[in-house]
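[1] How does the following fold in three dimensions:
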Amino acid sequence: MPPVVSIVIPAHNEEALLGRTLASLRTALAGIGDSSEIVVVDDSSIDRTAEIARAHGARVVRAEVHQIAAARNAGARAAAGGYLVFVDADTVVPPHVLRAAIDAMRGGAAGGGSSAVFEPEAPRWAHRAIGLAARLMRMAQWAPGCFIFAERTAFERAGGFDERYFASEEIHLSRALKRLGPFVLLREPVVTSARKAEHYSMSHTFWLMLRMLWPGSLKRRDGLEFWYTRHHKSNKP
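    Below you'll find the predicted structure:
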């Protein structure tokens with residue numbers, strides 16, 4: 001019998017935080033009562049990403065795309081569940097958030113997402129920045145990339161994540177899903193890593209964000225090091 005819920009995690013050199021994410025998902029899945037699977041897309045990793053994923057019971061799909069949208073699509077193709085939940089490798093998902101996402105899809109939502117917060121030790125400016133981003137995305141009815149879900153038929157009708165883009169692919173999918181049915185933004189937040197704030201100053205971060213507004217900048221990897229340079233804050237599996 002195929003799983004009802006498939007968790008898809010794109011991962012490029014994520015040995016530092018992947019274990020924490022998978023442990024949170026195992027706890028969350030244990031309480032939902034539906035059959036499930038976790039698919040980790042090992043995208044060009046040269047570290048222990050695949051080993052850690054298998055140790056936590058995930059199925060590993062190898063990809064050599066080095067692009068978040070393409071890695072997520074590869075995971076969706078390999079997944080068997082009717083409900084797809086895309087989670088970043090550095091994001092902790094509380095059980096009630098996963099349950100709310102599944103309930104939304106079971107209630108007829110084409111897809112949706114949640115708010116996101118940083119862990120408490122993140123710099124104050126980072127907390128303010130993610131809070132502002134969360135408010136803006138909620139006003140626009142866009143899901144954050146660290147946690148976005150979709151009913152499989154709606155996901156396929158939407159064309160999946162748009163692989164023309166190296167960033168903002170979650171915004172394009174949000175727009176596409178909203179045209180197909182209800183799109184639910186949960187109030188309950190997931191907790192995502194603020195590791196980038198340890199390596200980029202506030203001014204540098206906002207400069208990188210502004211640079212994204214240049215026409216065509218999101219359709220090439222160059223200049224998007226904020227997403228494509230992996231910084232680790234711990235080496236614990």
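[2] Flag every buried residue along the strand ranked longest in the chain.
    The single longest strand within the chain, with elements called by DSSP state E, is strand 183-192. Buried residues in strand 183-192, counted by 16 or more other Cβ atoms under 10 Å: 183-186, 189-192. Placement of C-beta: from N, CA and C, glycine included.
[3] all helices in the chain, in order from the N-terminus.
    Counting by DSSP state H, the chain has helices at residues 18-30, 49-55, 68-78, 95-106, 124-140, 152-157, 169-178, 202-211, 225-228.
[4] can you put these in CSV and add mean pLDDT?
    Output for the helices of the chain, formatted as CSV (pLDDT from 0 to 100):
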stretch, mean pLDDT
helix 18-30, 97
helix 49-55, 98
helix 68-78, 97
helix 95-106, 97
helix 124-140, 90
helix 152-157, 98
helix 169-178, 97
helix 202-211, 61
helix 225-228, 60
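[5] Including mean neighbour count, could those go into TSV?
    Below are the helices of the chain laid out as TSV (neighbours: other Cβ atoms under 10 Å):
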stretch	mean neighbour count
helix 18-30	21
helix 49-55	20
helix 68-78	22
helix 95-106	20
helix 124-140	14
helix 152-157	17
helix 169-178	22
helix 202-211	12
helix 225-228	15
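[6] Now distance to V8 too, for those, in CSV please.
    Putting the helices of the chain into CSV (distance: least, Cβ to Cβ, whole Å) gives the following:
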stretch, distance to V8
helix 18-30, 11
helix 49-55, 12
helix 68-78, 4
helix 95-106, 13
helix 124-140, 20
helix 152-157, 10
helix 169-178, 13
helix 202-211, 26
helix 225-228, 17
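[7] Skipping adjacent residues, who's closest to A53 in space?
    V40 (3.9 Å; Cβ to Cβ, 6 or more residues apart in numbering).
[8] For P3, see how far away the one you found is.
    15 Å (Cβ to Cβ, to the nearest Å).
[9] Compare the two (neighbour count), which wins?
    V40 (29 against 18; other Cβ atoms under 10 Å).
[10] The residue nearest to A53 touches R59, doesn't it?
    Yes. Assessed by Cβ atoms under 8 Å, V40 is found in contact with R59 at 7.2 Å.
[11] Identify the bridge partners of A150.
    L84, G111 (DSSP bridges).
[12] List the contacts of it.
    Taking Cβ atoms under 8 Å, 6 or more residues apart in numbering, we find A150 in contact with 84, 86, 105, 110-111, 158, 173, 177.
[13] right, and out of the residues you listed, which lies closest to K219?
    If you rank these by distance to K219 using Cβ to Cβ, L173 comes first, at 15.8 Å.
[14] one step back: what residues are up against the residue nearest to A53?
    Contacts of V40 (Cβ under 8 Å, 6+ apart): 9, 11, 18, 22, 49-50, 53, 58-61, 75, 89.
[15] hang on, the earlier thing: which of the buried residues of strand 183-192 lies closest to V93?
    V190 (5.2 Å).
[16] quick one: the closest one and V39, what's the gap?
    18 Å.
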